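fold the following for me, if possible:
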Amino acid sequence: MIEIKYNIRTFVNKNQQVLIRVRWNNKKDEVTFSAGCSAEPEKWDNVNQLAKRNTTHKVGGKTCIAREINGRISEICEYITERFKQSELANNIPNKDELKVFVNEKLGRIIEQVSEDELKKKDKTLEDIFKEFLK
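Prediction:
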């Protein structure tokens, strides 16, 4: 069984968005996930990488409480950890795309993908349909 060392770091960027950065494989691979909320830097605990308890964050007309922000962070971190544990058991190292797809599917961010044939059927013009008819 391979032991994969990875690092999860949460931070607030200059646009006041809460981001979660994951690094692994000798820090060569890096993926960043957005928690989907914003936090005020003054109410952010850099040591624990969480919003300070019992605080309300008003950024750009949106209001988030610390519990919501911290809940989203822990949910994303849980899914990341789950993916790495699966990889350790399978003796492989996930690539960036695998991790992104896995976490985004768990978060419900990926909508069911439509096959290319279905897209072609929907995007056909009258000319395409006529050419198909002639064949």
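
quick check: longest strand of this protein.
Scanning the chain for the longest strand, with DSSP state E as the assignment, gives strand 29-38.

buried ones in that one, by neighbour count?
If you call a residue buried by 16 or more other CB atoms under 10 Å, then strand 29-38 has these buried ones: 31, 33, 35, 37-38. To be clear about C-beta, it is placed using only N, CA and C from the backbone, and glycine gets the same treatment.

what's the answer for stretch 81-92, then?
So for stretch 81-92, counting by 16+ other CB under 10 Å, buried means 83-84, 87.

cool, and stretch 9-20?
Across stretch 9-20, burial judged by 16+ other CB under 10 Å covers 10, 12, 17-18, 20.

now do stretch 47-57
Going by neighbour count (16+ other CB under 10 Å), the buried part of stretch 47-57 is 49-52, 55, 57.

now do stretch 10-21: distance to the chain's middle.
Averaged C-alpha coordinates place stretch 10-21 at 13 Å from its chain's average position (CA atoms, centre = their mean, to the nearest Å).

local confidence estimate at the residue nearest the centre of the chain?
Geometric centre of the chain, nearest residue: F33, 3.9 Å, by CA atoms, centre = their mean. F33 is assigned 92 on the pLDDT scale.
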